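**Q** got a sequence here, can you model it:
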Amino acid sequence: MQRDNNRKTPIRVLLVSRLERDRHRYAVAFRQRGYCTLQAANTADACRLAAEMLPAAVIADVDLSICEDGVPLVRRLREESGLWHIPVVILAGTRTPVAAAIAPAGIDLFVIPPGDAQRLVGTVALLMRPQVH
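**A** Model (predicted):
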């Protein structure tokens with residue numbers, strides 16, 4: 001199981017998608033690699049879970065619903081006290097105008113979702129590694 005060296009607890013990742021099947025597919029892949037997964041279907045639930053559980057990373061679809069995209073999620077995470085440092089990965093099938101608008105809001109990585117969910121886990125794991133200066 002992936003553990004936080006400081007806390008000796010499993011590393012948590014927050015998966016945010018309006019589609020349960022996508023959340024489930026990514027959750028299975030992360031759990032197979034030893035991560036603890038949290039799931040949310042919208043910005044409000046994602047921000048609440050992030051504040052309560054302090055995940056090591058947030059992985060979110062660019063389109064969270066018909067009237068909600070990832071911009072408010074990223075902005076709220078960056079503005080909330082204690083959450084600004086959490087890496088945010090945005091998933092989108094193509095580089096859409098919404099995806100371009102999210103970049104200035106403070107995303108850490110923009111990813112076109114791979115067909116293989118394990119590749120996403122590997123990419124996110126690299127992002128979460130402690131930086132050596």
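**Q** next helix or strand past the lowest-mean-pLDDT helix or strand in the chain?
**A** Of all helical and strand segments in the chain, the minimum by mean pLDDT, DSSP states H and E falls on helix 97-106, at a mean of 65. For helix 97-106, the following helix or strand on the C-terminal side (DSSP states H and E) is strand 109-111.
**Q** all strands of the protein, in order?
**A** With DSSP state E as the criterion, the chain has strands at 12-16, 36-40, 57-61, 63-65, 68-69, 88-91, 109-111.
**Q** CSV please, covering those strands and showing distance to Phe30 and mean neighbour count.
**A** Heads up, the C-betas are built off the backbone N, CA and C, glycines and all. Putting those into CSV (distance: least, CB to CB, whole Å; neighbours: other CB atoms under 10 Å) gives the following:
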stretch, distance to Phe30, mean neighbour count
strand 12-16, 6, 25
strand 36-40, 5, 19
strand 57-61, 9, 25
strand 63-65, 19, 17
strand 68-69, 23, 18
strand 88-91, 12, 23
strand 109-111, 14, 16
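**Q** can I get those in JSON lines with mean pLDDT?
**A** Shown next, in JSON lines, are the strands of the chain (pLDDT from 0 to 100):
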{"stretch": "strand 12-16", "mean pLDDT": "95"}
{"stretch": "strand 36-40", "mean pLDDT": "96"}
{"stretch": "strand 57-61", "mean pLDDT": "91"}
{"stretch": "strand 63-65", "mean pLDDT": "72"}
{"stretch": "strand 68-69", "mean pLDDT": "70"}
{"stretch": "strand 88-91", "mean pLDDT": "87"}
{"stretch": "strand 109-111", "mean pLDDT": "78"}
